[in-house]
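K.L.:
pasting the sequence and the predicted coordinates here, then a few questions.
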Amino acid sequence: MAGRTKGRGGLVLISLMLVGLLCGSLVGRLLRPYLPFLAKAVAVGFEPARPFTLGDVFLLHLGFRLRLDLAAITGLILAFVAYRRM
């Protein structure tokens, strides 16, 4: 029974952190005209130089980019605090 609780807790933590990131990002976009320091962000990820192509039929792009700004990080921290208090 304890194993199920751990697995469910991890899913709840990931869900809350994603919601915290999205809400923080949204709040940051809304407040950016009034608080310009919220526009500072760090982007982490990779993008391929060229896509993988197979003739004219198949084109594959693989990439990942995570852009974190101060508001998104604040939302992430608040989501973690909310999870710890649950």
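P.N.:
Sure thing, it's come through. None of the values given here were measured: they were computed from a predicted structure. Residues are numbered from 1 along each chain as shown.

K.L.:
rest of the way, CA atoms for contacts and neighbours
P.N.:
Fine.

K.L.:
next SSE downstream of the longest helix seen in the chain?
P.N.:
Counting residues, the longest helix found in the chain (DSSP state H) is helix 2-31. Heading C-terminal from helix 2-31, the first helix or strand you meet, by DSSP states H and E, is strand 41-46.

K.L.:
quick one: mean pLDDT for the next helix-or-strand element following that following strand?
P.N.:
For strand 41-46, the following helix or strand on the C-terminal side (DSSP H and E) is strand 52-54. On average, the pLDDT along strand 52-54 is 83.

K.L.:
helices or strands next to strand 52-54 in the packing?
P.N.:
Using 3 or more C-alpha pairs under 8 Å, 6 or more residues apart in numbering; DSSP states H and E as the contact definition, the elements that strand 52-54 packs against are strand 58-60.

K.L.:
ok, and what's touching the strand it packs on?
P.N.:
Here strand 58-60 makes contact (C-alpha atoms under 8 Å, 6 or more residues apart in numbering) with P51, F52, T53.

K.L.:
how far does it sit from its chain's centre?
P.N.:
26 Å (C-alpha atoms, centre = their mean, to the nearest Å).

K.L.:
likewise stretch 42-60?
P.N.:
On C-alpha atoms, centre = their mean, the centre of stretch 42-60 falls 21 Å from that of its chain.

K.L.:
between the two ends of that stretch, how far is it?
P.N.:
One end of stretch 42-60 sits 26 Å from the other (C-alpha to C-alpha, to the nearest Å).

K.L.:
surely L78 touches G20?
P.N.:
Yes - with contact defined as C-alpha atoms under 8 Å, L78 reaches G20; the gap is 6.9 Å.

K.L.:
out of the two, which sits in the busier spot?
P.N.:
G20 (23 against 17; other C-alpha atoms under 10 Å).

K.L.:
related to what we said a few turns ago, what residues sit buried inside the longest helix of the chain?
P.N.:
For helix 2-31, the neighbour count (16 or more other C-alpha atoms under 10 Å) marks 13, 16-25, 28-29 as buried.
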